[in-house]
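# Sharing a model that was predicted from the sequence below.
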Amino acid sequence: MLSVLSITAPIFILIGLGYLAVKSGILPAAAAPGMGRFVLYFSLPALIFGTLSRMEFSEVIEPSYLLVYATASLLALLIGVTLHRKLVGNTLPLSGVKGMGMAVSNSAFIGYPVLLQVFGEPPAQAFAMSLMVENLLIIPLALIIIESGGRDDATSRRQHFTAVFARVLKNPLVLAIGAGMLVSLLQLPIPQVIDKTLSMLAQASAAVALFSIGGVLVGTSIRGNVSAIPAVVAGKLLLHPLLVFLLLMLVPGMDPDLRLSMLLLASMPMFSVFPIIAGNYGFGQTSASILIITTLMSFFTLTLMIGLLT
């Protein structure tokens, strides 16, 4: 048990330190989002590009991994939407927001640090493919579902869909994946000075990402429709990894490290900008509450998951 806690405890200690730093006034509240943007636009893209560009192109993509993770995430999204639309009676936009929370993991800010603790050298292949599924498939599809419930005009829907995919293609993580795969495919050499710069940026990603999450949580309280929280929390922390586990049973022979990575990434809380996206549709308070509870509960579920899997 102590060996498992030695993996998960540092993750949440860093989140706690970030929270205390902002709460105590050592860092201004505006610093936390700034650190998050540093990770999103500089540190993580450097990590992704640097790692993928050094790999053989044939090692970057594992079709069975993409199939399992995409199918499990898609099922979690559709189950979440259907559950809240048909059984709870929520509107389609709100159901889409909740389904997105159940299906999209925080692979970048929490998932990578967890993999780093578990593996020492985390499987970049698994990390990159999970980001591809989340950013190229699940998030765009969730946004389309959300918008479909609020727009009646076909032209405005089409314009919105175009805007969604334009934003996806501008995502720095997506751009880093594409550039890294291209360099790997063409076997282009990376100058040593660039390679060292990428490595220095990459090394900052885990600690700064976790620290920024703690800072962002300051000032966020449990508000909104509290009764909506348990179903989304259970969907993200239990249903999503369960679906991955069941589908992996149908795909024998996958590399054990990839299987473990997929299960761990599916067990993460939802992505940190979830309340920001939900806030655009009037569900910011409830979504922020869901994010807080899910992040706190993930300490226990991740500890249990790592203990069982390792």
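Received the coordinates, thanks.
# what residue ranges in the stretch 1-150 of the chain score low on pLDDT?
Residues of the stretch 1-150 of the chain that meet the criterion pLDDT under 70 lie in 1-2, 149-150.
# next structured bit after the host helix or strand of residue 34?
Taking DSSP states H and E as the definition, one finds residue 34 inside helix 31-38. Using DSSP H and E, the next helix or strand after helix 31-38 towards the C-terminus is helix 44-54.
# what does that following helix contact?
Identification of contacts with helix 44-54 by C-beta atoms under 8 Å, 6 or more residues apart in numbering yields 60, 108, 112, 124, 127-128, 131, 172-173, 175-177, 179-181, 183-184, 188, 190, 195, 197-199, 201-202, 205, 209. Bear in mind the C-beta positions are built from the backbone N, C-alpha and C, glycine included.
# so where's the stretch 201-310 of the chain uncertain?
Applying pLDDT under 70 to the stretch 201-310 of the chain flags the ranges 220-225.
# just to revisit the earlier point, just want the angle from the helix holding residue 34 to helix 44-54.
Relative orientation of helix 31-38 versus helix 44-54 (axes from the mean of the first three to the mean of the last three C-alpha atoms, to 10 degrees): 20 degrees.
# ok, back up a step: which among the contacts of helix 44-54 end up buried?
Buried by 16 or more other C-beta atoms under 10 Å: 60, 108, 112, 124, 127-128, 131, 173, 176-177, 180-181, 183-184, 198, 201-202, 205, 209, out of the contacts of helix 44-54.
# Mark which of those residues are part of strands, please.
Among those, no member is found in strands (DSSP state E).
# give the contact list for the nearest residue to residue 206 once chain neighbours are set aside.
Nearest non-adjacent residue to residue 206, counting by C-beta to C-beta, 6 or more residues apart in numbering: residue 113, 4.1 Å away. Residue 113 is in contact with 11, 14, 206-207, 209-210, counting by C-beta under 8 Å, 6+ apart.
# would you list the residues you listed in a markdown table and tack on distance to residue 102?
Formatted as a markdown table, the contacts of residue 113 follow (distance: C-beta to C-beta, whole Å):
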| residue | distance to residue 102 |
| --- | --- |
| 11 | 21 |
| 14 | 25 |
| 206 | 25 |
| 207 | 28 |
| 209 | 22 |
| 210 | 23 |
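# For residue 236, state which of those residues is nearest.
Taking C-beta to C-beta as the measure, residue 236 lies nearest residue 11 of the contacts of residue 113, at 16.6 Å.
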